[in-house]
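Asks: sequence and predicted structure below; questions after.
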Amino acid sequence: MDHTADPGKEPYGDNNVQPTDSPNSRRGQPLTIPVIEERVHLDKQVVEKGTVRIVKTVNEQEIPVNIPLLQEEHDIQRVPVNEYVDTPPPPIRYEGDTMIIPILQEVMVVQKRLMVVEELHITKHRVQTQETQHVNLRREEIRVERISPDEPGPEAPRPV
């Protein structure tokens with residue numbers, strides 16, 4: 001098979017290759033050796049083999065379920081205290097499961113109290129002095145005179 005139909009184009013290789021003991025080389029013509037390459041061309045086609053139908057149904061069933069629920073209830077009691085406090089408000093305190101919250105109210109207090117303003121300190125000293133004064137003193141004197149019973153006469157006055 002000689003593929004030298006188009007001398008300017010060699011479809012299978014270079015025309016300068018010449019084997020030495022080829023029968024064509026004796027005739028003086030160049031010998032062409034074809035080089036063949038296979039290539040694969042793939043195509044895909046979608047072929048429908050069948051169809052599918054999907055049906056969805058929902059079934060409902062009522063089932064009783066016990067759910068534990070926690071609920072807190074509070075018992076609130078108002079306990080009157082009516083005590084005056086001199087310190088800052090007392091804090092919240094707990095006695096067992098009972099929380100005690102003090103409720104405060106400002107109260108105007110008018111009060112009358114005794115207050116010592118000052119003191120008088122008195123110290124007693126004994127001082128003796130000599131002094132001359134003129135004083136009128138009265139004194140009664142009694143004089144007793146006896147009269148004999150034989151002598152008549154008035155009795156003399158007696159000093160008391």
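Replies: Everything's here; your move.

Asks: so what does residue 94 look like in phi/psi?
Replies: For residue 94, the backbone dihedrals (degrees, to the nearest 10) come out as phi -120, psi 140.

Asks: and what of residue 100?
Replies: phi -110, psi 120.

Asks: surely it is in contact with residue 92?
Replies: Yes - Residue 100 sits in contact with residue 92 when judged by C-beta atoms under 8 Å, with a separation of 6.9 Å. For glycine as for every other residue, the C-beta is placed from the backbone atoms N, C-alpha and C.

Asks: show the end-to-end separation of stretch 54-61, please.
Replies: End-to-end distance for stretch 54-61: 23 Å, by C-alpha to C-alpha, to the nearest Å.

Asks: actually stretch 44-57, not the one I wrote
Replies: Using C-alpha to C-alpha, the two ends of stretch 44-57 sit 37 Å apart.

Asks: and what of stretch 31-49?
Replies: 55 Å.

Asks: what about it, average pLDDT?
Replies: The average pLDDT within stretch 31-49 is 87.

Asks: buried ones in that stretch?
Replies: residue 32 (16 or more other C-beta atoms under 10 Å).

Asks: distance from the chain centre to it, please.
Replies: Computed by C-alpha atoms, centre = their mean, to the nearest Å, the separation of stretch 31-49 from the middle of its chain amounts to 80 Å.

Asks: also stretch 67-77?
Replies: 24 Å.

Asks: same check on stretch 96-109?
Replies: With C-alpha atoms, centre = their mean, you get 22 Å for stretch 96-109.

Asks: as PDB, could you dump the C-alpha coordinates of it?
Replies: Taking Å, rounded to 0.1, in the frame of the first residue of the first chain, the C-alpha atoms of stretch 96-109 are listed here in PDB:
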ATOM      1  CA  GLY A  96     -36.100  26.800 106.800                       C
ATOM      2  CA  ASP A  97     -38.100  27.100 103.600                       C
ATOM      3  CA  THR A  98     -39.400  30.500 104.600                       C
ATOM      4  CA  MET A  99     -37.800  33.700 103.300                       C
ATOM      5  CA  ILE A 100     -38.300  36.700 105.500                       C
ATOM      6  CA  ILE A 101     -38.100  40.100 103.900                       C
ATOM      7  CA  PRO A 102     -38.300  43.100 106.300                       C
ATOM      8  CA  ILE A 103     -40.600  45.900 105.200                       C
ATOM      9  CA  LEU A 104     -39.400  49.300 106.300                       C
ATOM     10  CA  GLN A 105     -41.200  52.600 106.800                       C
ATOM     11  CA  GLU A 106     -39.900  55.900 107.800                       C
ATOM     12  CA  VAL A 107     -41.700  57.200 110.900                       C
ATOM     13  CA  MET A 108     -41.500  60.700 112.200                       C
ATOM     14  CA  VAL A 109     -40.900  60.500 116.000                       C
END
